[in-house]
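Engineer: No letters, just coordinates:
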């Protein structure tokens, strides 16, 4: 008897150990998943936060008003085109180094300023024509390599020949930083500019506007269709082959790779209908087709969650089926539909592949202003920047990711919150 | 008039007819002696529907058909005047005419200039016709309907029938989308298979879509054997599943069977939010952090790791799929009836024994379904592999080497300015068809398998 008891105790211990092991595996997996995901976010955060700042150089500049103003005293774009703004910038910049006279040295010194600095200066005077003829102090963008060096991201251990900045240039930058002529300041151009070839003046505004236009089309297209389809399937569809077929199609479309929707858009919207390439209109339609199943599935679930007694009460009081559905059930199902829509929109906002197919991957300097003008979107912008050669684009791409992910997390948390808040137990 | 102005105009028309009809119905009801059959707003909605929808459909039809019709007309014109031109040349001339007429290029050939002039004239005539017919249709219908309101006729029933038709059409859009996908992929793929033999595509061992520069070159056209591409896709998906399956499954088991409600309430939404991170972010991570890291580790171990290894792309894809698997499996494990657990626990089994010997076998079909959906997702995933996997199609199963996938090839073949007649473009549609068929089969199997679970215990 005693032996058997001991045996049982041993076995019980083994069984309990097995249980512990299973639990530990579970905890390990969850922590592993969370660790990987936090590594992802932290590594992107660390490489991205520095793009919030940007190296600027302080210049003293005096521009003759006769060169740029027309007879009436207004800023003349035609005259401004003829002014050598880059020359003004580099002349002023070079005065910081009176000892430099050699042409080659001057050239490598000039390379430290952004090639867009002249354009920034012109923009400044266009906005503030009163400052013409005055001695003004203005902060203009430095080149991206300058910027990276000031942020300590420039790899100086490489052989001088293989570097983008020579030792002499590094010394000049050190001097400028020490004299407080150049400084890291808040990077406004990132938020007010569209894309650019020069990392120091590239911004996300164009992509943000493009994404907004695209998603407007998506929601206008997908939400009404999806809600109408789910009301039909829940209230009017008679069980039968056609209804079954529609349901199978919806479930299947929800699981089809997004790139296939891009192929559909390319061959139908661009090829057959001849809609313009790279336009938010086409992107929105593709993403709309992609999100319709998501919204339908969520809407049907929340329509089904409304107890039938409500519909029955409405019908008993003489409402038609349509009135029962539209006046009584749909308002009660609205929070669930809203949650599904937010999740679908978040998906569409982060989607890249279909947009690549329909040409929203083009390099576009101008902020799009209509549904048919060429545009790009946030995730595509991230993709393009991370593909660029300049190191300074990496940190911009990381910062753009932080914004996109932050926005998506807000959207998704809102959906989770709404679901909890309006979750009713009938 | 442009599309959007026309649309706004007919919307304005229909709103007018709505207010006019409902107020006139209201007046008639007030002065009537007999009982009306519907509310004033139903009469309004009835005339709104008639003012808006026929005109809207006409507008859409004109917008789509108009330019196509004009193009075909001019193709015939060009073919008539220049009998020597072949199809491609006609297309070229037409494109030139279009570009000239919208002012983006200019030409000094009087013939072409004349055609371009005619083209823009013709197009503006079509657009004028569109404007007139749409506005006429909308206003005539609106006036007829809203001036002939009979309150004895039940317009609510009519409006509801209209709604019902509208709802039905939106439900059928799902079928149209599928049909559209299949038709467009098949159409372009058939054009591809007309240029390139089907079996060479399916079983070819060499993928090099670069078109030859000279026509007398040995490989006069690229070689489009999809097996290496397919193998690369499967390799990357396999690595992803090796990473994601155990982690996702164990997380789901823990969340569903062991975790306290509080832990569950925190972890589950967190994982859901993480599932919403865009794939381009994972791609960025894979290309700029994971791939160099894996390469470094490989170097210290003395291995030769490619900088675009299948391992990096696959592992990061696995991380992406973890939340997908865990949340699907969690739902499935939760849907196993509690009575099964209670029975097992009541017979003296521990929780772990119950989970492994009772709950998991019961959930097995559903889990297989979830697994298949995850595989189909891994195969169709695009951005991670575009950013982290390579372009060269190697026939290898070594995870440290560069491989390419179906989606990478589609993206690289189709980004940039593409011509629809190019064999490279068409081959991308061939790959797209293969991808679609592959994922469709996986999805259908997943659907069938996971339906078994619900049948078993209902």
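Structural biologist: Happy to help now that I have it. What you are looking at is a predicted structure, and each value in this text was computed from that prediction instead of being measured.
Engineer: Wait, residue B:380 touches residue A:263, no?
Structural biologist: No - contact criterion Cβ atoms under 8 Å: residue B:380 and residue A:263 do not qualify, at 11.5 Å. C-beta here means a position set from N, CA and C on the backbone, and glycine is covered the same way.
Engineer: List the residues that contact residue B:379.
Structural biologist: Residue B:379 sits next to A:257, B:233, B:234, B:237, B:406, B:435, B:438, B:439, B:442 when contact means Cβ atoms under 8 Å, 6 or more residues apart in numbering or on different chains.
Engineer: among those residues, who's most crowded?
Structural biologist: When neighbours are taken as other Cβ atoms under 10 Å in any protein chain shown, the top entry among these is residue B:233 (29 neighbours).
Engineer: and the closest residue to that residue other than its chain neighbours, how many neighbours does it have?
Structural biologist: Leaving aside its chain neighbours, residue B:233 sits nearest to residue B:405 (4.2 Å; criterion: Cβ to Cβ, 6 or more residues apart in numbering or on different chains). Residue B:405 has 32 neighbours, counted by other Cβ under 10 Å.
Engineer: Now residue B:405: phi and psi?
Structural biologist: Note on residue B:405: backbone dihedrals following degrees, to the nearest 10 are phi -120, psi 170.
Engineer: Centre of the chain to stretch A:392-408, how far?
Structural biologist: Its chain's average C-alpha position is 7 Å from that of stretch A:392-408, according to Cα atoms, centre = their mean, to the nearest Å.
Engineer: let me redo that: stretch A:53-68
Structural biologist: Mean-position distance between stretch A:53-68 and its chain equals 32 Å (Cα atoms, centre = their mean).
Engineer: got it, and stretch A:30-47?
Structural biologist: 19 Å.
Engineer: quick check, that stretch touching chain B?
Structural biologist: Yes - for stretch A:30-47, a contact with chain B is found by Cβ under 8 Å from any Cβ of the partner chain, at A:30, A:32, A:33, A:34, A:36, A:37, A:40, A:43, A:44, A:47.
Engineer: where do the helices sit along the stretch 301-450 of chain B?
Structural biologist: B:310-334, B:338-346, B:351-354, B:360-380, B:383-388, B:406-414, B:423-457 (DSSP state H, counting those that start in this stretch).
Engineer: for the stretch 251-400 of chain A, same thing?
Structural biologist: Using DSSP H, counting those that start in this stretch, the helices of the stretch 251-400 of chain A run over residues A:258-264, A:280-305, A:308-316, A:321-323, A:330-350, A:353-357, A:378-386, A:391-422.
Engineer: Return the set of buried residues in the third one.
Structural biologist: Translated: helix A:308-316. Within helix A:308-316, the residues scored as buried using 16 or more other Cβ atoms under 10 Å in any protein chain shown are A:311, A:314.
Engineer: The longest one now?
Structural biologist: Within helix A:391-422, the residues that count as buried by 16+ other Cβ under 10 Å are A:391-405, A:407-409, A:411-413, A:415-416, A:419.
Engineer: for the second one, same thing?
Structural biologist: Counting neighbours by 16+ other Cβ under 10 Å, one finds that the buried residues in helix A:280-305 are A:280-303.
Engineer: just the fifth one next, same as before
Structural biologist: Along helix A:330-350, the positions that meet the burial threshold by neighbour count (16+ other Cβ under 10 Å) are A:330, A:332-333, A:335-350.
Engineer: is chain B contacted by it?
Structural biologist: Yes - Helix A:330-350 lies within reach of chain B by Cβ under 8 Å from any Cβ, at A:343, A:346, A:347, A:349, A:350.
Engineer: and what of the third one?
Structural biologist: No - Helix A:308-316 lies apart from chain B when judged by Cβ under 8 Å from any Cβ; the minimum separation is 13.7 Å.
Engineer: So which elements touch that helix?
Structural biologist: With contacts taken as 3 or more Cβ pairs under 8 Å, 6 or more residues apart in numbering or on different chains; DSSP states H and E, helix A:308-316 sits against no other helix or strand.
Engineer: Residues contacting it, please?
Structural biologist: So helix A:308-316 is contacted by A:321, A:323, A:324, A:325, A:327, A:328, A:329, A:332 (Cβ under 8 Å, 6+ apart).
Engineer: Could you give the separation of that helix from the chain centroid?
Structural biologist: That offset, for helix A:308-316, works out to 46 Å (Cα atoms, centre = their mean).
Engineer: That helix vs helix A:330-350, what angle?
Structural biologist: Relative orientation of helix A:308-316 versus helix A:330-350 (axes from the mean of the first three to the mean of the last three Cα atoms, to 10 degrees): 130 degrees.
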